[in-house]
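**Q** quick one: sequence and predicted model below, then my questions.
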4 protein chains.
Amino acid sequence: MEIIEYHPRRDQLVYTFGGSAPVLRVQPGTALRLWSEDAFNNALTSIDDVSGEKVDLDFVNPQTGPFYVEGAEPGDTLALHIADLTPARSYGASATIPFFGGLTSTDRTATLQDPLPDITWIYHVDTERRTVGFQSRRGDFEVALPLEPMLGTVGVAPPGGEVRSSLVPERFGGNMDAPDVKAGTTVYLGVNVEGALFSIGDGHYRQGEGEACGTAVEGAMHSTIIVELVKGGAPAWPRIETDYHWGAVGSSRPMEDAWRIGQVEMVRWFGDLFGLHQLDAYQLLTQTALAPIANAVDANYSVVVKAPKALFPSADAYGGLHAHLRRQAADLR
Amino acid sequence: MEIIEYHPRRDQLVYTFGGSAPVLRVQPGTALRLWSEDAFNNALTSIDDVSGEKVDLDFVNPQTGPFYVEGAEPGDTLALHIADLTPARSYGASATIPFFGGLTSTDRTATLQDPLPDITWIYHVDTERRTVGFQSRRGDFEVALPLEPMLGTVGVAPPGGEVRSSLVPERFGGNMDAPDVKAGTTVYLGVNVEGALFSIGDGHYRQGEGEACGTAVEGAMHSTIIVELVKGGAPAWPRIETDYHWGAVGSSRPMEDAWRIGQVEMVRWFGDLFGLHQLDAYQLLTQTALAPIANAVDANYSVVVKAPKALFPSADAYGGLHAHLRRQAADLR
Amino acid sequence: MEIIEYHPRRDQLVYTFGGSAPVLRVQPGTALRLWSEDAFNNALTSIDDVSGEKVDLDFVNPQTGPFYVEGAEPGDTLALHIADLTPARSYGASATIPFFGGLTSTDRTATLQDPLPDITWIYHVDTERRTVGFQSRRGDFEVALPLEPMLGTVGVAPPGGEVRSSLVPERFGGNMDAPDVKAGTTVYLGVNVEGALFSIGDGHYRQGEGEACGTAVEGAMHSTIIVELVKGGAPAWPRIETDYHWGAVGSSRPMEDAWRIGQVEMVRWFGDLFGLHQLDAYQLLTQTALAPIANAVDANYSVVVKAPKALFPSADAYGGLHAHLRRQAADLR
Amino acid sequence: MEIIEYHPRRDQLVYTFGGSAPVLRVQPGTALRLWSEDAFNNALTSIDDVSGEKVDLDFVNPQTGPFYVEGAEPGDTLALHIADLTPARSYGASATIPFFGGLTSTDRTATLQDPLPDITWIYHVDTERRTVGFQSRRGDFEVALPLEPMLGTVGVAPPGGEVRSSLVPERFGGNMDAPDVKAGTTVYLGVNVEGALFSIGDGHYRQGEGEACGTAVEGAMHSTIIVELVKGGAPAWPRIETDYHWGAVGSSRPMEDAWRIGQVEMVRWFGDLFGLHQLDAYQLLTQTALAPIANAVDANYSVVVKAPKALFPSADAYGGLHAHLRRQAADLR
């Protein structure tokens, strides 16, 4: 299996899905070893770095890519298998950015109130114990939290000639901020333009569901991604598969619409997997689905709807592609 | 420990929180063994029973109660520990009620489209294997799903003289439809009126997160509940505690508001538990909280925000009440 | 025409729809001359009265009523024609209540931000010029605004045994805060319980659409209301009729659902008025309806959807009842 | 005053804001006489043309433009005064596009229900009586409605390198579908990129508030637009001014956020116009603002918040620019 390494220079980072020329062309079946910058462009390296002074919200979530996938055409299904995620720095950062996040008014949920204080937290990575260290900014509370690397963004170019900020989660993937997007996961994305033009970024050393304050433990990341292409069969919305779950990610506002999207996508998928009529799939998922909120803070809210494989007869999505990619990933190590 | 059994007659069932005289007065420290009718008043016993003909949405979720808790005053905290939940029938029912549920227009999300077909599913309980059996209505797909009993409703009388339908989840608890409300869980509710006047019902033999079609595997239930009272300290919104999590349940519309409520309530609780300043609690929960949707179908949507105890230093909520109740529950068996 | 005067004592005020015994029984065809207290129970009489100290949000919007309408049964249509509204005091009050209103976080749209300052404005009524006077609290900006009296609340008892706070707008009417509810308007409400049990209150000397800060120019009011009853024909949601418009009021969250409700109710009404198929009514209303937001601040948001009569062939709703009531109202003067 | 005419060829139409090279460069102070194609690309010319077959939702709302305004820089204010709108065809079209519109489930508010029937209505323009004729598709109801031409879209290129579909209303204007955007109105838009790159399109021969079914009386349009530039002072969201109102247009989801945005923008503007502190402006607007829904059907919902000039002391926005443009427009006739 071909392995391509790519570490973008600062001036090669892009801040949109769509709108940029590809940095590389890759054949389906290739593994990529990618480096990605953190969401803040590494602007927050100590608790004295304040987001209001150092971060420009028009240029966050720098993307590594886009990559042109040979043979990918609109209507195809791009499969990105995350073989490995490893922090590329010894620290991660998080911050309460003014008028950004879930428990503050924003430029959309606009109020006349003052913003919350603009505070930065730095988390130190302990690679041996595989933890990141939280330290309270007032008082002296400390706790080491398990390192659980994930990618906040993975997406392709949008349809209709649109170009979207890398802060946006949508039908094309993007800034879904779903903790499920971690090593061992396959992400399926519908292809909208020739070459798919996918990119990744916004590595999180860990994140709770909802990403309440708007920023996870943001950190530069080494990602190993296996790229595959399925001709046709594009899902309407991003799907994810792990050894344990089939899932879909809806992104919209209000949040119930994000959930509705994910739930309907899973009804469709259960039709494919088990030949179920949509009302039977609706009923069966009603009793079995998990529905964690991924983010409650981005341009769209994202909800993951997923079904535990253990509850169901075995079934092969996309011809058993996920299991195949798992084996390939194991060979890479 | 005193144990009181109560099995309501059909004419003793109530359909509201608030507005009914108590059926019993109980001392804090009492265990109740309760029987509750299913959400449909047992109107759906075969797939030929159709909700449109047999179910009146003004009278669903019959409640067992209300119970007057001696000494409970507004501002107190009612603790209800669920010691055991055991199905009281050999079958449960679910249905796609016209214009009710998450993937249909409703009386609120009103459209001009036709309703989905009105279909009933019956699940047979296998008490030995502890499963409920799903059978597709079209085709012949069958699967046995694990029995995971929970209570859809647990609530107290609302403040301000309000009386609310047992279909409503709110600040007073009610129809939260949270899978977390199962054996081993302590639910903390703020008391609004003398005696608290709590009730329970809407037993589910199992339910996925979101309760997509609006009805779980609905079934009559035997519930063993230990009642405790903490003077003062009423949480603004329902809190839940298990051996594994501290959590809060927000219920509102749109769904992001339900999440905001739950998240803010957890920020408050983390202030109590660890003495954290609210911005430190906000940050720490951002990286650790789980945020499953409980229901996306009721009069309000409900979201659970919960923190895994394993990630944090040990801490005692309400003086270690949950651990105490767990021991008492063990003694009851 | 019989005219009944009723001026409640302080202890006769109620704070809910449903849940109270009627204060009077009235025959259809009666005119009522009613006095209502202001939303704050007259607690704010100078700019030094601060809502945080003087107003209990569990007891605002005191209602005058409820009135039992002889012969009213569930499924009937109560018609309330507002013949006259006259301020009953020489001043009105408004305030930015902490965590209440449209441009602040609230107990639902919960954030961690500080509340806005708690400020009171007093408006003096100039009965000759028919104005209320705004005076800025900072600087010395003054402007006299036209007096445009309206009722914030008009509603009947809810169905299903519910009792709702007088802060709530819903299917039963209630705190719709619609500027359209003024002299010359007929309000049609579906009857849910024997006698309908309607009440009115929350007089506004004027109000903008949306009632942005949550409180209008709140003032005690003299209201002259003619009560009529149509057997059967209960609208699903409140309808309003003036000499110029047919309208419907939807109340829900998120706001788009309030709009959907009002729009669907108008599609139904246009079916009645003109025999239009629902898709033709949908199309025709698309090009002609007005859709002002009534309130963006209450327990539910309210949106009025209304069609200008001038655009359409003449049509009689409820047998020409509105025109009949207008003539009766003229005779009362 | 220079007058430039521009009638795009079919291959010059664009379907995005941003992302296209300018078709013309214009000096501030220029009048443009523009022709725009209808939203459907003239695909619906008889009731037998069905949108499902003839309309591609990725390519609707063709834009005339973009125009590069000399000297316009990010942070400036582009003023577009609509001097005249005249229908360019003898008919307009409207349709219930499957899964598009306000009273149907959509790709966002996703349900499992069937779509509404896909129906087209054709409205004939009577230029003498200045009406458009509605004809029901079932039965034989006819009514002539007043011609009230407006532009559904007017917008500039977005910031941050984004390119957005011409179906989207946003901070940059776009598909606001506000009936206020008609002859006599000045639209103020913040400039995001050099040259502003504005475009117009989506002419409506008339439209109700909310644009319920998703399509107005769509028609090709002759527009006369005077282009002006104010250095600096970019409003955060689009503002509109007429002889009668100052207004702002918020566009977001859920709808309450669109309203919040518009209301906050008006608080800011009242600070500029009258030197009011924001809480005084909040209070004054609470009692005076109008808040019609513009659209409840697009990618974002739009709400107009506007204040009637007649209620306030006279005040000059942008140095009296609107009055100046009105005079210029009069000279053009």
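**A** Alright, I've got the coordinates. Keep in mind the model is a prediction, meaning the values are calculated, not measured.

**Q** who are the contact partners of A:L151?
**A** By C-beta atoms under 8 Å, 6 or more residues apart in numbering or on different chains, the contact set of A:L151 is A:S36, A:I82, A:L85, A:V181, A:K182, A:I200, A:G201, A:D202, A:G203, A:H204, A:M221, A:S223. Heads up, the C-betas are built off the backbone N, CA and C, glycines and all.

**Q** pLDDT added to these, as TSV?
**A** Shown next, in TSV, are the contacts of A:L151 (pLDDT from 0 to 100):
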residue	pLDDT
A:S36	98
A:I82	98
A:L85	98
A:V181	98
A:K182	98
A:I200	98
A:G201	98
A:D202	98
A:G203	98
A:H204	98
A:M221	98
A:S223	98
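
**Q** of the residues you listed, closest to chain C?
**A** The closest of the contacts of A:L151 to chain C turns out to be A:H204 (C-beta to the nearest C-beta; 21.9 Å).

**Q** identify each buried residue in stretch A:103-122, please.
**A** A:103-113, A:115-116, A:118-122 (16 or more other C-beta atoms under 10 Å in any protein chain shown).

**Q** contacting chain C as well, which ones from the residues you listed?
**A** A:L103, A:T104, A:S105, A:T109, A:A110, A:T111, A:L112, A:Q113, A:P115, A:L116 (C-beta under 8 Å from any C-beta of the partner chain).

**Q** keep only those of the contacts of A:L151 that are in helices.
**A** Using DSSP state H, the subset of the contacts of A:L151 located in helices is empty.

**Q** same for the helix ranked longest in chain A, what does it pack against?
**A** In chain A, taking DSSP H as the definition, the longest helix is helix A:255-274. Under the contact criterion of 3 or more C-beta pairs under 8 Å, 6 or more residues apart in numbering or on different chains; DSSP states H and E, helix A:255-274 touches strand A:245-252, helix A:278-286, strand A:301-308, helix B:255-274.

**Q** could you dump the ones next to chain C among the buried residues of stretch A:103-122 to CSV with distance to D:G214, pLDDT and secondary structure?
**A** Below are these laid out as CSV (distance: C-beta to C-beta, whole Å; pLDDT from 0 to 100; DSSP: H, G, I helix; E, B strand; the rest coil):
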residue, distance to D:G214, pLDDT, secondary structure
A:L103, 34, 98, coil
A:T104, 33, 98, coil
A:S105, 30, 98, coil
A:T109, 25, 98, coil
A:A110, 26, 98, coil
A:T111, 31, 98, coil
A:L112, 33, 98, coil
A:Q113, 35, 98, coil
A:P115, 37, 98, coil
A:L116, 38, 98, coil
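
**Q** biggest separation within those residues, which pair?
**A** Greatest spacing in those, by C-beta to C-beta: A:L103 and A:L112 (16.9 Å).

**Q** please enumerate the strands of the stretch 1-150 of chain A.
**A** A:3-6, A:16-17, A:24-26, A:30-36, A:63-69, A:77-87, A:91-95, A:120-126, A:131-135, A:142-146, A:150-155 (DSSP state E, counting those that start in this stretch).
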